[in-house]
Each structure stands twice: as C-alpha cells, then as structure tokens.
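# sequence and predicted structure are below.
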Amino acid sequence: MGRQIVFHMLEEDRTEFFRMLSSRHSFVAASWTSSTPTVGLCESPGEEQVSLGLWQPRSDMERGRKRVEREDGSIAYDFDRRISVLEFDPSVIVTHSGTPALLQGRLYSFLNEMDAETSALFRTAKLWINRNFESSPLKMLGGYVGPAAMRWYREGGILLPMFNPPATPAWEEFIANQHGPLSASS
C-alpha cells in the first residue's frame with residue numbers, strides 16, 4: 001500500500017518545502033513521467049509544477065524508468081514503483097464551476113519498506129509538514145495546508161481532493177459549505 005502524506009501547497013509553500021529538504025538531505029529530483037526512459041534531473045524542484053521522483057543518490061541503486069502503455073495507446077516512461085523513490089505530486093490550481101480551487105497534493109512511497117536513505121527523506125518531509133502546516137480545516141479531505149495555501153483558503157479559496165470533482169449535488173454542497181457554518185465538519 002505504501003506511505004503518504006497529503007497536503008495543499010501554493011508555490012510559496014512548495015519553495016519553502018524544497019528549501020528545507022535540500023538543507024537537510026542530499027537528494028535529486030526528476031519528472032515522474034517522461035516520453036523517454038532517460039532520467040534527466042531537474043535543477044530546481046521547488047519550481048517544478050509536475051509530479052517528481054525524489055531520492056537520495058546512491059551509486060548502487062539505479063533509478064530507471066519503466067515503459068507504460070496508456071489507455072489511449074501512447075507510451076510513457078514512469079519510475080518503477082518497486083524501487084525506493086518518493087513521488088511528489090504538487091498541489092495544482094484548477095477552475096471548478098468558474099472559481100479557482102486548489103487540488104490536494106501528496107508525497108508518496110509505493111513501498112511500505114523503503115531503503116534507509118529514502119525513509120529518512122520521507123520522515124524529514126513528514127515531520128516538517130506536521131510542524132509547519134496546519135491540519136486541514138476540512139475533515140473529509142484530511143492532511144495539511146501550508147501557510148500560503150491557508151491564507152488563500154481563508155480569503156475564500158476552495159480546497160479540493162486530488163482531483164477536480166464532478167459538479168454533482170453532493171460535491172457542490174461540500175464546496176459551498178467550505179466557508180459556511182458547516183466548514184469545520186465538511
């Protein structure tokens with residue numbers, strides 16, 4: 001099943017998160033998905049707005065990509081989920097019913113048992129988020145909200161799960177109640 005921590009982060013939160021992580025660990029990052037099997041490292045992971053693979057470099061561990069055929073027949077290359085790599089999925093601003101909304105992001109390991117270096121990276125990230133972010137005001141979503149994302153939310157922003165939900169009565173009620181009297185229990 002793996003391990004994860006979910007969050008809402010705006011760019012300011014993401015930049016601070018990666019600044020902290022790089023001050024405590026030597027790690028590398030690369031786009032999780034690519035059109036080629038080659039792993040090209042990104043220089044500034046805090047500026048990336050795509051899913052990233054994160055790991056601490058070790059010479060004895062090859063972080064290669066695995067060929068994946070998509071439902072539409074296209075070919076992509078993702079990191080092999082059986083190796084010790086963390087997947088960082090950033091929060092993304094979308095439009096829901098004409099209103100800006102922030103999708104939930106996550107830091108995830110597909111493995112329950114990670115190697116020592118990746119486990120330490122995950123533990124540092126999780127502890128920092130626990131200490132520096134607030135618990136989500138929406139129990140249904142859970143997770144944490146970064147300081148910039150919380151200011152945005154308090155100014156009327158909408159928090160969503162990891163997907164932009166369909167405009168069903170139940171979802172629209174959940175969204176409408178985020179800043180109303182039921183927000184603490186939503």
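Structure received.
# next one: the longest helix seen in the chain to chain centre, how far?
The residue-count maximum for a helix in the chain (DSSP state H) belongs to helix 116-132. Offset of helix 116-132 from its chain centre (C-alpha atoms, centre = their mean, to the nearest Å): 14 Å.
# other residues contacting that helix?
If you take C-beta atoms under 8 Å, 6 or more residues apart in numbering as the criterion, helix 116-132 is touched by 3, 5, 7, 16-17, 20-21, 24-25, 27, 54-56, 58, 84-86, 107, 109, 114, 144, 146-147. In this view, the C-beta of every residue, glycine as well, is placed from N, C-alpha and C.
# can you do 6 Å?
5, 7, 20, 24-25, 27, 55-56, 84, 86, 107, 144 (C-beta atoms under 6 Å, 6 or more residues apart in numbering).
# likewise stretch 143-163?
So stretch 143-163 is in contact with 6-10, 12-13, 99, 101-104, 129, 133-134, 136, 138, 141, 175, going by C-beta under 6 Å, 6+ apart.
# if we go to 7 Å?
6-10, 12-13, 91, 96, 99-104, 106, 129, 133-136, 138, 141, 175, 178-179 (C-beta atoms under 7 Å, 6 or more residues apart in numbering).
# keep only those of the residues you listed that are in strands.
6-8, 96, 99-103, 106, 134-135 (DSSP state E).
# format those residues as JSON lines; extra columns: neighbour count and distance to residue 153.
Output for these, formatted as JSON lines (neighbours: other C-beta atoms under 10 Å; distance: C-beta to C-beta, whole Å):
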{"residue": "6", "neighbour count": "19", "distance to residue 153": "15"}
{"residue": "7", "neighbour count": "25", "distance to residue 153": "12"}
{"residue": "8", "neighbour count": "27", "distance to residue 153": "7"}
{"residue": "96", "neighbour count": "18", "distance to residue 153": "14"}
{"residue": "99", "neighbour count": "11", "distance to residue 153": "12"}
{"residue": "100", "neighbour count": "12", "distance to residue 153": "11"}
{"residue": "101", "neighbour count": "18", "distance to residue 153": "10"}
{"residue": "102", "neighbour count": "22", "distance to residue 153": "8"}
{"residue": "103", "neighbour count": "19", "distance to residue 153": "13"}
{"residue": "106", "neighbour count": "17", "distance to residue 153": "18"}
{"residue": "134", "neighbour count": "13", "distance to residue 153": "10"}
{"residue": "135", "neighbour count": "11", "distance to residue 153": "12"}
